[in-house]
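A.B. asks: I would like the atomic coordinates for the input below:
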Amino acid sequence: MKRYQLGEFEEIVLLTVGILHGNAYGVTIRREIESRLKRNVSVGAMQTALRRMEQKGYLASEKGESTDIRGGRPKLYFTITDLGKKAIAYTRETRNELWNAIPAAILKASNA
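C.D. replies: As a prediction, the model looks like this:
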């Protein structure tokens, strides 16, 4: 399988886009990450990650309808591309291989 470069935050964003299937746009992705991981995410970091992953071909975007609430600007909805699916599958496989390589004794809690 081809090697894919995904940073931790990119992996989290890709997985969250999958969780929000059909309703993944900047605000909902950010809220979902903050809610699930109890982690603050800046708007700038989110937008940068979304653009970067779209440029890499891991995400695709599609404009939704314009609304008066958003000043006439449409929401930009994201979906995971086939390449993005391969990237997260590769990342999962790699992480599982690493976890499986750790001796069980190392993961046991010590009574210190």
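
A.B. asks: Please tell me how far Asn23 sits from Ala105.
C.D. replies: 44 Å (C-beta to C-beta, to the nearest Å). For the C-beta atoms, the positions are set from N, CA and C on the backbone; glycine is no exception.

A.B. asks: Glu54 now?
C.D. replies: 44 Å.

A.B. asks: So these two - more neighbours on which side?
C.D. replies: Neighbour count, other C-beta atoms under 10 Å: between Glu54 and Ala105, Glu54 has more, with 16 against 6.

A.B. asks: Please name the nearest non-neighbouring residue to that one.
C.D. replies: Of all residues not flanking Glu54 in the chain, Ser61 sits nearest, at 6.0 Å (C-beta to C-beta, 6 or more residues apart in numbering).

A.B. asks: Just give me the residue right at the centre of this protein.
C.D. replies: With distances taken as C-alpha atoms, centre = their mean, Val13 lies nearest the centre of the chain, 1.7 Å away.

A.B. asks: Give me the three-state assignment for that residue.
C.D. replies: Classification of Val13 using DSSP: H, G, I helix; E, B strand; the rest coil returns helix.

A.B. asks: what's the pLDDT at it?
C.D. replies: pLDDT, Val13: 97.

A.B. asks: re earlier: tell me, how many neighbours does the residue nearest to Glu54 end up with?
C.D. replies: 16.

A.B. asks: before we move on, what SS does it have?
C.D. replies: Ser61 - assigned by three-state DSSP - is strand.
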